[in-house]
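>>> Quick one: sequence plus predicted model below, questions after.
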Amino acid sequence: AQTVTQSQPEMSVQEAETVTLSCTYDTSENNYYLFWYKQPPSRQMILVIRQEAYKQQNATENRFSVNFQKAAKSFSLKISDSQLGDTAMYFCAFLLNDMRFGAGTRLTVKP
Amino acid sequence: NAGVTQTPKFQVLKTGQSMTLQCAQDMNHEYMSWYRQDPGMGLRLIHYSVGAGITDQGEVPNGYNVSRSTTEDFPLRLLSAAPSQTSVYFCASSSDRNVYGYTFGSGTRLTVV
């Protein structure tokens, strides 16, 4: 079964700075999909960004971008110009037959 | 269009009791899943369904049953509640998981005493 590892339980960043959240996964498959979800204190799960494994180009959504390294099975999330509203739990997810999540990284943006 | 609706939002059960967590979506989504969220463990997949009449087990299925008799509903049954099932439960649905990922409900906080 696929496993997803987020090695940073907690991180903090100053407002307007850049932060990178790490995610690694384990699979023997070649075609799959990767996602980052945000969970603010409201508990709602919000999709941030997705990446197809067959695409070499890294996905970008406004201030959010990924660094996808397929050979290394790494899928990190970069948040640029951090805002106070980015404070949340962030979950990395792997989709093949079903969707599996990492343990999450709690990000705090400090004013 | 209400999205994914979970009821109840909060529930306290006594050990050994049974109950059903309800999940309904009005988006005609084929894919539905149940997750539980525990501190430090992220979201763990309990059961999922790829269409009406089709269900499969996830990572942590023991103690839970599901059925999918309609496209709209995907109830999660706790057969005999245990304190280890204290958690926040999320239901999610999707029309195309590859493209859209999952849309999540707002969760049910369950406490088993």
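Right, received. Where do you want to start?

>>> Torsion angles phi and psi at A:E15?
Main-chain dihedrals, A:E15, degrees, to the nearest 10: phi -50, psi 140.

>>> which ones are touching it?
Listed by C-beta atoms under 8 Å, 6 or more residues apart in numbering or on different chains, the contact partners of A:E15 are A:S82, A:Q83, A:L84, A:V109, A:K110, A:P111. (C-beta placed from N, C-alpha, C; glycine too.)

>>> okay, it: pLDDT?
pLDDT for A:E15: 98.

>>> cool, B:L45 as well?
So B:L45 comes in at 97 (pLDDT).

>>> what ranges do the strands span in chain B?
For chain B, the strands defined by DSSP state E occupy B:4-7, B:10-13, B:19-25, B:31-38, B:42-51, B:54-57, B:64-66, B:76-78, B:87-94, B:103-104, B:108-112.

>>> Columns mean neighbour count and distance to A:S42 on top of the ones you listed, output as TSV?
As requested, these are exported to TSV (neighbours: other C-beta atoms under 10 Å in any protein chain shown; distance: least, C-beta to C-beta, whole Å):
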stretch	mean neighbour count	distance to A:S42
strand B:4-7	18	14
strand B:10-13	14	15
strand B:19-25	19	19
strand B:31-38	24	14
strand B:42-51	21	16
strand B:54-57	14	29
strand B:64-66	19	26
strand B:76-78	18	22
strand B:87-94	23	12
strand B:103-104	22	12
strand B:108-112	18	13
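
>>> wait, which of those strands is closest to A:D26?
strand B:42-51 (15.1 Å; C-beta to C-beta).

>>> Check which helices and strands the helix or strand of chain B with the lowest mean pLDDT sits against.
When the helices and strands of chain B are scored by mean pLDDT, DSSP states H and E, helix B:97-100 comes last with a mean of 89. Helix B:97-100 sits against strand A:46-52, with contacts defined as 3 or more C-beta pairs under 8 Å, 6 or more residues apart in numbering or on different chains; DSSP states H and E.
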